[in-house]
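Novice: Sharing a model prediction with you, sequence too.
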Amino acid sequence: MARPGIARFALACAAACLGALGCSTSGDDVALSKLSEEDDGPNVPPPPESGPKLGSIANLTPIRERPRANAPEIGYLHAGARIARSKEAVKKTKQCPNGYYAVFPRGFICLDQGATLDLRHPTLTAMAIQPSLDQALPYTYARTRAETALLERDPSKADGVKELRKLPKGAGLAVVGSWTARQSGGEPERLGLLPNGRFVRAEDLTAATPSSFEGQAVGNDSLRVAFVVKRGVRGWKLDELPEKQDLLDYHSKLPLGTKSKTIDGTKYFDAGSGLWLRHQDVTTIFARSRFPDFVKDGVRWIDVSIITGALVLYEGKRPVFATLASVGRDRLGDSSVIDHPQAVTKTGTFEVVAKHVTFLAAEPERAGERFPVYDLPWVLELSSGQLLYGSYVHDRFGIEYGPGDITLSPADARRVFDFATPALPPGWHGARAHGEKTFIVVRK
């Protein structure tokens, strides 16, 4: 199940990796010494990107705004990541005796909170597969083909693992490597290594088959596009009477002309080359004519309609990309049909407050599936408390689905992730917004 080209991990590397990932990453006490309270450390410039490196050996290594335990967290690293650091520690405290290091391009990492200067550390070797930021999905993803055990390293045995709990059939997760180990003294078996350092039996995994759907980039022409969001939809020919044409592919996208016709109460849109589309068969997306007050030339923002299931990226008043999104099952706010406490996608104008390559803090039930879904990719955290992310387990984009979060196809989610602020510095797994923020308008 590993990504092509992944070497088999040595037993010692994987064991050390699991031990490190199990360590606490919150060892700092917020109570600082008097010296620490009065002194935030030397005012050092950020190190160059080409400078010496430190590595993350924890599931989450916090990056703080200043070299002190109660300073705001501005981002974090994930196990295996390496980023440039200052040559020496810029400050040491009782809670961080090995020191805070300045990191590129901003912030400070305490070496005692899941980081190391030893670039030969076994965890850095075992977790060498870092996320691919230029692909539709950052990792190789899999689904459980049957109920199976979620395993973790058994520190009492050199090559042993122990069961944490059961995962049901269909659970989704990312796989970053493999290891061979024994459970309860049994025969050696091949395990899939997960990003959090835990394991699942390789024989119980099958490759995930995420949607290949992608939206439509908008050039210099005005935004006028139709998406097919139902199966069994046909195009039409309009001569003397409407005549059905061939079936259209599910999720196909067709540019629209400026003409439309209404025949016997049914509206048709011109899709070119003599093809017409019935209004009720497709989702149409047109550029907005009225804009929020914050819109200025060049300002990037995101527009989401929960009625049509459409998402458009704008730079000022210019649309640059349009696609389909899935919103909460109770998209119209009808309390009588709510079957999940978070089934409503909140409307309003919100900010993107953080970005995560995969959301380490998300509960696997958050996606609202009948099974746990781990390692949600390309996550935008919104000031509404809801998320926008890529789904690798469904293909119902443009139709209400799941709880109130907004989901996109993996390729579209990566595009939106790259479009929105904050920019993600090299090696960082997540970053909180600072300075100018990207707005997202969620409307009916």
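Specialist: Perfect, thanks for sending it. Model, not experiment: these values are computed from the prediction.
Novice: In the stretch 101-250 of the chain, mark out all the strands, start to finish.
Specialist: 108-110, 115-116, 140-144, 148-153, 160-167, 172-175, 177-183, 189-193, 199-201, 205-207, 216-217, 224-228, 234-238, 242-247 (DSSP state E, counting those that start in this stretch).
Novice: of these, which approaches residue 366 most closely?
Specialist: Nearest to residue 366 among the strands of the stretch 101-250 of the chain is strand 172-175; the distance by CB to CB comes to 11.9 Å. Where C-beta positions appear, they are placed from N, C-alpha and C, glycine not excepted.
Novice: hmm, who's touching that closest one?
Specialist: 1-2, 138-144, 192-195, 200, 205, 208, 358, 369, 371-375, 392-393 (CB atoms under 8 Å, 6 or more residues apart in numbering).
Novice: Now find how far off-centre that strand is within its chain.
Specialist: 13 Å (CA atoms, centre = their mean, to the nearest Å).
Novice: same question, stretch 230-242
Specialist: On CA atoms, centre = their mean, the centre of stretch 230-242 falls 38 Å from that of its chain.
Novice: Give me the buried positions along it.
Specialist: 233, 235-236, 242 (16 or more other CB atoms under 10 Å).
Novice: Residue 267: helix or strand, and which one exactly?
Specialist: For residue 267, the enclosing helix or strand under DSSP states H and E is strand 266-270.
Novice: Walk me through which strands that strand pairs with, and which way each runs.
Specialist: strand 260-263 (antiparallel), strand 276-278 (antiparallel) (DSSP bridges).
Novice: Next, the angle strand 224-228 makes with it.
Specialist: Between strand 266-270 and strand 224-228, the angle comes out at 120 degrees (axes from the mean of the first three to the mean of the last three CA atoms, to 10 degrees).
Novice: Residue 258 - how many residues pack around it?
Specialist: Residues lying near residue 258 (other CB atoms under 10 Å) number 8.
Novice: Check the spacing between it and residue 309 real quick.
Specialist: 24 Å (CB to CB, to the nearest Å).
Novice: go on, residue 289?
Specialist: Residue 289 is 20 Å from residue 309, by CB to CB.
Novice: same check, this time on residue 192
Specialist: From residue 192 to residue 309 the distance is 34 Å (CB to CB).
Novice: pLDDT wise, what is residue 29 at?
Specialist: If you check residue 29, the pLDDT there is 35.
Novice: and residue 226, bridged to which residues?
Specialist: Per DSSP bridges, the residues bridged to residue 226 are residue 254, residue 284.
Novice: Does it touch residue 278 like I think?
Specialist: No: look at residue 226 against residue 278 with CB atoms under 8 Å: they stay out of range, at 10.1 Å.
Novice: Neighbour count: those two, which is higher?
Specialist: Shown here are residue 226 and residue 278; by other CB under 10 Å, residue 226 has more neighbours (22 against 16).
Novice: List the contacts of the more buried one.
Specialist: Counting by CB under 8 Å, 6+ apart, residue 226 touches 253-256, 269, 271, 277, 282-285.
Novice: Quick check, pLDDT for it.
Specialist: Reported pLDDT for residue 226: 98.
Novice: buried stuff in stretch 50-66?
Specialist: Buried, per 16+ other CB under 10 Å, within stretch 50-66: 53-65.
Novice: Just the C-alphas of that stretch, formatted as PDB.
Specialist: Output of stretch 50-66 as PDB, limited to C-alpha atoms (Å, rounded to 0.1, in the frame of the first residue of the first chain):
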ATOM      1  CA  SER A  50      19.500  27.100   3.200                       C
ATOM      2  CA  GLY A  51      20.600  27.100   6.800                       C
ATOM      3  CA  PRO A  52      21.000  24.100   9.200                       C
ATOM      4  CA  LYS A  53      17.900  22.000   9.900                       C
ATOM      5  CA  LEU A  54      15.900  20.600  12.700                       C
ATOM      6  CA  GLY A  55      13.400  17.800  12.400                       C
ATOM      7  CA  SER A  56      10.000  17.000  13.800                       C
ATOM      8  CA  ILE A  57       9.800  13.700  15.700                       C
ATOM      9  CA  ALA A  58       6.300  14.100  17.100                       C
ATOM     10  CA  ASN A  59       2.800  13.900  15.500                       C
ATOM     11  CA  LEU A  60       2.600  17.700  16.100                       C
ATOM     12  CA  THR A  61       5.600  20.000  16.800                       C
ATOM     13  CA  PRO A  62       4.200  23.500  17.600                       C
ATOM     14  CA  ILE A  63       5.800  26.700  16.100                       C
ATOM     15  CA  ARG A  64       5.300  29.600  18.400                       C
ATOM     16  CA  GLU A  65       5.200  33.300  17.700                       C
ATOM     17  CA  ARG A  66       7.800  34.000  20.300                       C
END
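Novice: Thank you, goodbye.
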